[in-house]
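**Q** Following is a predicted model, sequence given first.
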Amino acid sequence: MKDEGSMAETDSKISTDTDKLSKMEGIKEASRQLRGPIPEELLNQEPSFSGDAAQLLKFHGTYQQDNRELRNRKDADGNRMDKAYSCMIRTGVTGGKMTADQFLVEMDLADKYGEGTLRLTTRQAIQLHGVLKQNLQRTIHEISKIKLNTYAACGDVNRNVMCNPAPYKNNPVLEQMQEMTAMIAAHLKPRSTAYFELWVEDPDGHKENVAEFQPVEEPIYGATYLPRKFKIGVALPEDNHVDIMTQDIGLLAIVENDAVVGYDMYVGGGMGRTPAKKETYPALGKPLAFLAPGEVCAVAEAVVKVQRDFGNREDRKVARMKYLVDNWGIDKFREKVAEYYGRPLSPVRGVKVTGVDDYMGWREQGDGKLFVGINIENGRIKDEGDLRIKTGLRAIVEKYKMPVHLTALQSMILCDIDPTDKDDIANMLKEHGIKTAEEYTISRRFSMACPALPMCGLAVTESERVMPDLMSQIEAEMAKYDLQEELISVHMTGCPNGCARPYTPDIGLVGKAVNKYTMFLGGNAEGTRLGFIFQDMVKFEDVAPTLSPIFAYFKAEREGKESFGDFCNRKGLEDLTEKVTAAA
């Protein structure tokens, strides 16, 4: 396998002219392995971090944000006030698995240092919002004490590794997949000790002596880490719960006789796009190789190194690995990975994705115990009116101390429940206004939205805050045609970066301008196909009315059990447009 200094010059996309490199490349190179000015700035009294420090903080799992709705506030004398800065802290939860104590501490930290809510992400991570700069060290330190960390939850490195979180104990395959997930996550962690020095060892004010800085070897990432973020997921053919085709590396388990005999690896998936930049686009992963379990970590490392050495470091908008795979073609990319790995790669087995599950409701675990999947709409754990999700979950987890698993649909699973406790837990859920799975349409259970406004600096319009209302409108239109029992997946984002994976579901809505969205149709809940742009600049209030005649068309002319996304894909843009125009 090649080391970090053995980059082949002939194919390199890295410019030797440092003037052409993006600003972020210079920040990383001068950062002293992700330290930069963070140590000094943690000690000053400023309410925010400088630009360079804020960029490097991402590698440590935190984004600096400000409340955009407070940007124009004024004091009593009419003077414009400073921005209301705070930090979002993301804890990586490998495979979505947490202990009861870990979950409870995260809830405590949300109350003590955050704005009082937790957010479950589309990548099985957990986020605290509203943490002030002066509380950042203490918060991350507390997270480290429960054997979780925020290291590499963001930044130009491999992030939280995803896996099917179902706690079925009579299926050894799931345990083998989770073990592989943990191995990959550990193998691809950055080696820099900056995280431990800044947040773990001395949370009360460590000031580094720059003159004493001694770098450690970063055998996988090198001096400037990756050109952009990197994502990995592990799934089953019959249950592509984590959308492996949208990941930089997707691993599809191949099962024989109740054992994982290997994985088909897909590479080059990714959701982000910039509408004004036509060379950007969402992409699905392409088949790379079949790997025996013992090969996975080494080949994953080789893939990461190829992206490290040949990914675009001049323009961050086209720096994801999907562009390298597409520019080279999968055959050339495979050859280069094999070169870095040191031996030929076996062809994929070609097993197809056939289904997806959300794990909601009460189910048997297979060991005499039960689990219950609880739908957390858009992932926000909070108390609001009669719906007291936060108080209810705290009461249940404190009482029963069960493991908690996070799903890729922003929801959660309470595991290892004794059947004799089912009625009590069900009553506690009901007392706190938490609905059963059967009280939601399956479409709402499969819906997702990114946080968007007011905290995300990239959002151009609403997402999380309007999604519940939008789903009510869509459900009402579905009910007109007796489609309320159908799985029609809807994902919404406040900008084109695609954090809620809006380009693969049956219906995708991507923020384009204030109160306006690009509508995508023709994907599917299984995540195996990209949707196409159906209409651009659709007003929020026009989304459901625009879909209504398409629902009617689907009801009238679907073939057998054809899904809504399959139907839209079969009919195509022109045909569907004619139906909507005729209904106007």
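**A** Perfect, thanks for sending it.
**Q** for this structure, longest helix please?
**A** Counting residues, the longest helix found in the chain (DSSP state H) is helix 564-583.
**Q** what residues does it touch?
**A** Residues from elsewhere that reach helix 564-583 (CB atoms under 8 Å, 6 or more residues apart in numbering): 483, 486, 488-489, 505-507, 521-525, 529, 531-534, 546, 548-554, 557-559, 562. Heads up, the C-betas are built off the backbone N, CA and C, glycines and all.
**Q** Would you mark the buried spots in that helix?
**A** Neighbour-count burial for helix 564-583, counted by 16 or more other CB atoms under 10 Å, picks out F564, G565, D566, F567, C568, N569, K571, L576, K579, V580.
**Q** again, but for stretch 286-303
**A** 286-291, 293, 295-303.
**Q** Do me a favour and get the end-to-end distance for that stretch?
**A** 13 Å (CA to CA, to the nearest Å).
**Q** So which residues make contact with that stretch?
**A** Contacts of stretch 286-303 (CB under 8 Å, 6+ apart): 1, 176, 180, 183-184, 187-188, 220, 232, 248-249, 251, 254, 260-268, 321, 325, 330, 333-334, 337-338, 340-341, 345-350.
**Q** Try it again at 6 Å.
**A** Residues outside stretch 286-303 that contact it (CB atoms under 6 Å, 6 or more residues apart in numbering): 183-184, 187, 220, 249, 262-268, 330, 334, 337, 340-341, 345-346, 348-349.
**Q** Point out where this protein drops to low pLDDT.
**A** By pLDDT under 70, the weakly predicted segments of the chain are 1-18, 202-211.
**Q** Give me the contacts around stretch 345-364.
**A** 166, 237-240, 254, 264, 287, 289-290, 338, 370-373, 375, 409, 413, 437, 445, 525-526, 528.
**Q** Mind giving me the PyMOL select for the residues you listed, buried ones only?
**A** To isolate the buried members of the contacts of stretch 345-364 in PyMOL, using 16+ other CB under 10 Å:
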select buried, resi 166+237+239+240+254+264+287+289+290+338+370+371+372+373+375+409+413+437+445+525+526+528
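**Q** now the strands for the stretch 101-250 of the chain?
**A** 118-120, 126-131, 162-163, 232-235, 249-256 (DSSP state E, counting those that start in this stretch).
**Q** no no, the stretch 351-500 of the chain
**A** Counting by DSSP E, counting those that start in this stretch, the strands of the stretch 351-500 of the chain are 361-364, 370-374, 380-381, 383-384, 387-388, 404-406, 412-417, 448-449, 490-493.
**Q** helices and strands around the last one, which ones?
**A** Helices and strands in packing contact with strand 490-493 are listed as strand 507-513; criterion 3 or more CB pairs under 6 Å, 6 or more residues apart in numbering; DSSP states H and E.
**Q** do the longest one as well
**A** With contacts defined as 3+ CB pairs under 6 Å, 6+ apart, the packing partners of strand 412-417 are strand 370-374, strand 404-406.
**Q** who wins for proximity to A125 among those?
**A** strand 404-406 (7.5 Å; CB to CB).
**Q** Direction included, what does that closest one pair up with?
**A** When pairing is defined by DSSP bridges, strand 404-406 lines up against strand 97-98 (antiparallel), strand 412-417 (antiparallel).
**Q** where's the residue nearest the centre of the chain relative to I232, distance?
**A** The centroid of the chain falls nearest to R123 when counting by CA atoms, centre = their mean (3.1 Å). As defined by CB to CB, to the nearest Å, R123 lies at a distance of 10 Å from I232.
**Q** What's opposite the closest residue to L132 other than its chain neighbours in the beta bridge?
**A** Sequence neighbours aside, S86 is the residue nearest to L132 in space, at 5.6 Å (criterion: CB to CB, 6 or more residues apart in numbering). Note on S86: beta-bridge partners Q65, judged by DSSP bridges.
**Q** If you tally nearby residues, what's the number for S86?
**A** 25 (other CB atoms under 10 Å).
**Q** coming back round to it: pick the most deeply packed of the strands of the stretch 351-500 of the chain.
**A** strand 490-493 (a mean of 30; mean count of other CB atoms under 10 Å).
**Q** mind checking how far T280 is from K317?
**A** Applying CB to CB, the value for T280 to K317 is 6 Å.
**Q** now do L406
**A** Distance, L406 to K317, using CB to CB: 30 Å.
**Q** just K23 next, same as before
**A** 13 Å.
**Q** Looking only at neighbour counts, state which of the two leads.
**A** Between K23 and K317, counted using other CB under 10 Å, the more crowded position is K317 (16 against 11).
**Q** Check whether the more buried one really touches T274, as I assumed.
**A** Yes: K317 is in contact with T274 according to CB atoms under 6 Å; the separation is 5.3 Å.
**Q** who touches both of the two?
**A** T280.
**Q** Sort out which residues of stretch 223-236 are buried, please.
**A** Using 16+ other CB under 10 Å as the burial criterion, the residues of stretch 223-236 that qualify are 224-236.
**Q** same thing with stretch 97-112?
**A** Under the neighbour-count criterion of 16+ other CB under 10 Å, stretch 97-112 has K97, M98, T99, A100, Q102, F103, L104, V105, E106, M107, L109, A110 buried.
**Q** Bridging across strands, which residues link to the second one?
**A** Note on M98: beta-bridge partners by DSSP bridges are V404.
**Q** by contact count, what packs against the helix or strand harbouring E40?
**A** For E40, the element it lies in under DSSP states H and E is helix 38-41. Here helix 38-41 touches helix 51-57, going by 3+ CB pairs under 6 Å, 6+ apart.
**Q** Report all helices and strands that the helix it packs on contacts.
**A** On a contact count with 3+ CB pairs under 6 Å, 6+ apart, helix 51-57 meets helix 38-41.
**Q** How far away from the center of its chain is the helix it packs on?
**A** 29 Å (CA atoms, centre = their mean, to the nearest Å).
**Q** May I have it as PDB, with CA atoms only?
**A** Taking C-alpha atoms only, helix 38-41 is exported to PDB below (Å, rounded to 0.1, in the frame of the first residue of the first chain):
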ATOM      1  CA  ILE A  38      -8.300  27.600  18.900                       C
ATOM      2  CA  PRO A  39      -6.300  27.300  22.100                       C
ATOM      3  CA  GLU A  40      -5.700  31.100  22.400                       C
ATOM      4  CA  GLU A  41      -9.200  32.000  21.400                       C
END
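**Q** buried set for it?
**A** I38, P39, E41.
**Q** ok, now stretch 251-260?
**A** By neighbour count on 16+ other CB under 10 Å, the buried set for stretch 251-260 is L251, L252, A253, I254, V255, V260.
**Q** what about K430, neighbour count?
**A** Neighbour tally, K430, other CB under 10 Å: 12.
**Q** next one: Y400
**A** Neighbour count of Y400, defined by other CB under 10 Å: 16.
**Q** Relative to G361, how far out is it?
**A** From Y400 to G361 the distance is 18 Å (CB to CB).
**Q** same deal with I488?
**A** Distance check for I488 against G361: by CB to CB, it reads 19 Å.
**Q** mind checking the SS state of F520?
**A** Judged by DSSP: H, G, I helix; E, B strand; the rest coil, the three-state class of F520 is strand.
**Q** I figured it was touching G531, is that so?
**A** Yes: with contact defined as CB under 6 Å, F520 and G531 form a contacting pair (3.6 Å).
**Q** joint contacts of the two?
**A** Shared contacts of F520 and G531, defined by CB under 6 Å, 6+ apart, comprise G508.
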